[in-house]
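>>> Sequence first, then the predicted structure, then my questions.
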Amino acid sequence: MAKLRWGILATGWIADLFVQDLLDNDMEVVAVGSRSIEKAVAFATKHGIPRSHGSYQALAADPEVDVVYIATPHPFHASAAELCMAEGKHVLVEKSFTLTGAEARHLLELSRKYDVVVLEAMWTRFLPHMVRLRQALANGMIGEIRTLLATHTQDLPDDPNHRLNALELGGGALLDLGIYPISFAFDILGKPTEVLASGRLKATGADAEVSTSFRYASGACALTVSVSDAPGANRAEINGTEGHVEIDGIWYTPTSFRIYDSQKNLLEEFKPAVMKGRGMHFQALELERLVAAGERVSPILPLEQSVAIMETLDDIRKQIGVIYPSEKTSG
């Protein structure tokens, strides 16, 4: 499979981690773009990237770039992705995929218009333990799923001027932390038929805590808790009619899990192999596979599901009282 030439749009800490994983796994990064040429040059120098661009447009128009990884804050994902798609570039867009469901649906339409791969960078979906877990569940190892429990709790900066607490930048626990367990629930059980949510807000109006309960036509229930001002173990479990799965902390990173039968006998223990980096390259490999195969939709994370997740996040925000300034302006 021929290597794709990656461009990096924005130079924050997540881009830094992603690029290092690509380079550690012999993938090709050829350009970086930032709104500041100084930042682009510094980032390129650090990682040995050949070309630097002082604007997102210049990166999108670079003929030597095949695919662009978008690492801006949430409110700028949609516009940056559209800019790149219009230049014929495939895009890998950091989670949460967009700021709103409407933006996500717009990108879905554009992906079809421009005939390019658009993939949400929910890296957990592509990790080896999640690949094996989906196989085990599909084989009926724990019977019919009844409950899924997952948490994502961290102690993040409480500075009201920090991006994580600024509503105008999509700050809050939901888009930065809650996206993980909520996407996990979609991965295992699909789109829920009923969504109930509660939350606790900070003085800035951003959410510090979000709890959700999803119900499904099968009768299954998924419970998630996401907190930005209190650290936790970050484990997950799935319970079925014939057994259960325990995923070790930190469940959304490369980790181990165990499958037990209904009598609590161990059926399988999965331990991740030693890998280079954090595992963020697996999502990039899936995008490269899609391009090489002439496919446009990943079976691991279909774009339609990314849209459905964003629309569900809209519903959750409405229930807990979080409204972004851009929504007030447009509404």
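Nice, thanks for sending it over. Worth saying up front: this structure is predicted, and the values here are computed from it rather than measured.
>>> Now Ser198. Nearest residue, chain neighbours left out?
Ser211 (5.2 Å; CB to CB, 6 or more residues apart in numbering). Glycine gets a C-beta too; all of them are placed from N, C-alpha and C.
>>> For the one you found, the count of nearby residues, please.
18 (other CB atoms under 10 Å).
>>> now the strands for the protein?
5-9, 28-33, 51-53, 67-70, 90-94, 118-121, 145-153, 194-201, 207-215, 221-227, 236-240, 243-247, 257-261, 266-270 (DSSP state E).
>>> Looking at those, which is nearest to Met310?
strand 118-121 (9.2 Å; CB to CB).
>>> elements contacting that closest one?
strand 90-94, helix 101-114, helix 281-293, helix 303-320 (3 or more CB pairs under 8 Å, 6 or more residues apart in numbering; DSSP states H and E).
>>> Could you identify which of those is most buried?
Stretch with highest mean neighbour count among these: strand 90-94 (a mean of 26; mean count of other CB atoms under 10 Å).
>>> For that strand, the averaged confidence score.
Regarding strand 90-94, the rounded mean pLDDT is 98.
>>> That one versus helix 281-293: what angle between them?
160 degrees (axes from the mean of the first three to the mean of the last three CA atoms, to 10 degrees).
>>> For strand 90-94, which strands pair with it and how are they oriented?
Sheet pairing for strand 90-94, assigned by DSSP bridges, gives strand 67-70 (parallel), strand 118-121 (parallel).
>>> buried residues in stretch 67-85?
67-78, 80-85 (16 or more other CB atoms under 10 Å).
>>> about what we covered before: dump the strands paired with strand 90-94 to JSON lines, plus distance to Gly277 and mean pLDDT.
Putting these into JSON lines (distance: least, CB to CB, whole Å; pLDDT from 0 to 100) gives the following:
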{"stretch": "strand 67-70", "distance to Gly277": "15", "mean pLDDT": "98"}
{"stretch": "strand 118-121", "distance to Gly277": "15", "mean pLDDT": "98"}
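>>> In TSV: these, plus distance to Thr241.
Below are those laid out as TSV (distance: least, CB to CB, whole Å):
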stretch	distance to Thr241
strand 67-70	41
strand 118-121	31
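>>> In JSON lines: the helices and strands packed on strand 118-121, plus distance to Asp261.
Listed next are the helices and strands packed on strand 118-121 as JSON lines, based on distance: least, CB to CB, whole Å:
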{"stretch": "strand 90-94", "distance to Asp261": "39"}
{"stretch": "helix 101-114", "distance to Asp261": "39"}
{"stretch": "helix 281-293", "distance to Asp261": "30"}
{"stretch": "helix 303-320", "distance to Asp261": "30"}
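>>> what stretches of the protein score poorly on pLDDT?
Where the chain drops to pLDDT under 70, the residues are 1, 329-331.
>>> Domain map for it?
Here the chain is described, according to automatic domain parsing, as comprising the domains 5-123+279-302, 128-276.
>>> residues touching Cys221, list them.
146-148, 213-215 (CB atoms under 8 Å, 6 or more residues apart in numbering).
>>> Would you tell me which one of the domains of the chain is buried the most?
domain 5-123+279-302 comes out most buried of the domains of the chain by mean count of other CB under 10 Å, with a mean of 20.
>>> isn't Gln154 right next to Ala233, touching?
No - look at Gln154 against Ala233 with CB atoms under 8 Å: they stay out of range, at 11.4 Å.
>>> contacting residues for Thr255?
Here Thr255 is in contact with 129, 247-249, 272 (CB under 8 Å, 6+ apart).
>>> Near Leu127, how many residues? Count them for me, please.
21.
>>> Roughly how far does it sit from Ala173?
Separation of Leu127 from Ala173 (CB to CB, to the nearest Å) stands at 22 Å.
>>> Same check on Thr45?
35 Å.
>>> who touches Glu144 in this structure?
Contacts of Glu144 (CB under 8 Å, 6+ apart): 218, 220, 240-242.
>>> Quick check, the residue nearest to Ser198 in contact with Ile182.
No - when contacts are counted by CB under 8 Å, Ser211 is not listed as touching Ile182 (11.2 Å).
>>> I'd say Ile182 and Glu311 touch.
No - in this structure, Ile182 is not within contact of Glu311 by CB under 8 Å, at 11.6 Å.
>>> what touches both of those two?
With CB under 8 Å, 6+ apart, Ile182 and Glu311 have no common neighbours.
>>> what's the spacing between the closest residue to Lys113 other than its chain neighbours and Gly172?
Once flanking residues are discounted, Lys113 sits nearest to Met85: 8.0 Å by CB to CB, 6+ apart. For Met85, the distance to Gly172 equals 27 Å [CB to CB].
>>> likewise Ser96?
Taken as CB to CB, the span from Ser96 to Gly172 is 10 Å.
>>> cool, Ala60 as well?
Taken as CB to CB, the span from Ala60 to Gly172 is 29 Å.
>>> ok, the closest residue to Lys46 other than its chain neighbours - contacts?
Sequence neighbours aside, Asp16 is the residue nearest to Lys46 in space, at 7.8 Å (criterion: CB to CB, 6+ apart). With contact taken as CB under 8 Å, 6+ apart, Asp16 is in contact with 43, 46-47.
>>> next one: Tyr56
Taking CB under 8 Å, 6+ apart, one finds 9-10, 33-35, 80, 83 in contact with Tyr56.
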